[in-house]
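Student: Provided below for reference: sequence and predicted model.
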Amino acid sequence: AVVAAASCCGVGLPTISRALASARIASRWRMETTTTADGSIVINDAYNANPESMAAALRALVAMGQGGTTWAVLGEMRELGVSSEDAHADIGRLAALLGVDRLVAIGDGAQAIADGALAAGYSAEAARYVPDVSAARTLLAAELSAGDVVVVKASRAIGLEVLAAAIISDHGGDSVTVS
């Protein structure tokens with residue numbers, strides 16, 4: 001969208017390219033991407049979540065994870081009202097449809113994400129539900145491997161930015177911050 005808008009305003013592609021190469025996300029925990037020392041990529045998008053942004057994050061995960069194991073570590077999307085359970089289940093089904101390798105749903109409000117993934121054909125090993133951040137960290141410490149690509153996403157109130165920071169720390173800390 002940036003390229004199209006700048007082009008329409010008469011900005012040349014070399015100028016656009018240079019500007020985008022140095023662009024950085026201004027808001028913390030919004031698609032904040034870190035490559036750790038062991039080559040794992042952690043996408044911390046724990047600032048906000050709704051069905052559209054969850055879907056976009058899953059699509060970005062699949063695109064970025066070509067050739068590696070992809071993990072969707074997802075918490076509750078808040079303030080969805082009566083459609084909450086269906087919206088969460090839809091995200092689990094979308095993860096399966098997109099081919100995300102592993103899914104971890106965290107907290108009571110996210111149980112339907114795991115249920116949707118299981119209903120869409122995920123095995124109990126591929127789609128897991130855990131009750132809290134501590135259990136998620138334990139599971140990920142045991143199963144996440146060097147070079148895996150992880151997106152961590154939930155509504156801000158869930159506090160998954162702490163989990164994203166722990167994953168980064170567990171895999172060698174920040175070696176290169178991409179954005």
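Tutor: That came through, no problem. Numbering: from 1, shown residues only.
Student: how near is the residue sitting nearest the centre point of the chain to Ser22?
Tutor: Nearest residue to the geometric centre of the chain (C-alpha atoms, centre = their mean): Val151, 2.3 Å. Look at Val151 and Ser22: by C-beta to C-beta, to the nearest Å, they are 24 Å apart. For the C-beta atoms, the positions are set from N, CA and C on the backbone; glycine is no exception.
Student: what does Glu32 give?
Tutor: 16 Å.
Student: How about the contacts made by Asn50?
Tutor: Taking C-beta atoms under 8 Å, 6 or more residues apart in numbering, we find Asn50 in contact with 77, 80.
Student: nope, Gly159 is what I meant
Tutor: 46, 133.
Student: cool, and Arg78?
Tutor: Contacts of Arg78 by C-beta under 8 Å, 6+ apart are 49, 109, 155, 157-158.
Student: try 7 Å this time
Tutor: 155, 157 (C-beta atoms under 7 Å, 6 or more residues apart in numbering).
Student: What segments of this structure are helices?
Tutor: Secondary structure of the chain (DSSP state H): helices located at 2-8, 13-21, 51-64, 84-98, 111-119, 133-143, 161-170.
Student: count of residues packed around Gly99?
Tutor: Gly99: 10 surrounding residues under other C-beta atoms under 10 Å.
Student: What of the one 5 residues further on?
Tutor: Using other C-beta under 10 Å, Val104 has 26 neighbouring residues.
Student: So for the closest residue to Asp38 other than its chain neighbours, what's the pLDDT?
Tutor: Distances taken as C-beta to C-beta, 6 or more residues apart in numbering place Ala146 nearest to Asp38, at 3.7 Å, with adjacent residues excluded. pLDDT for Ala146: 89.
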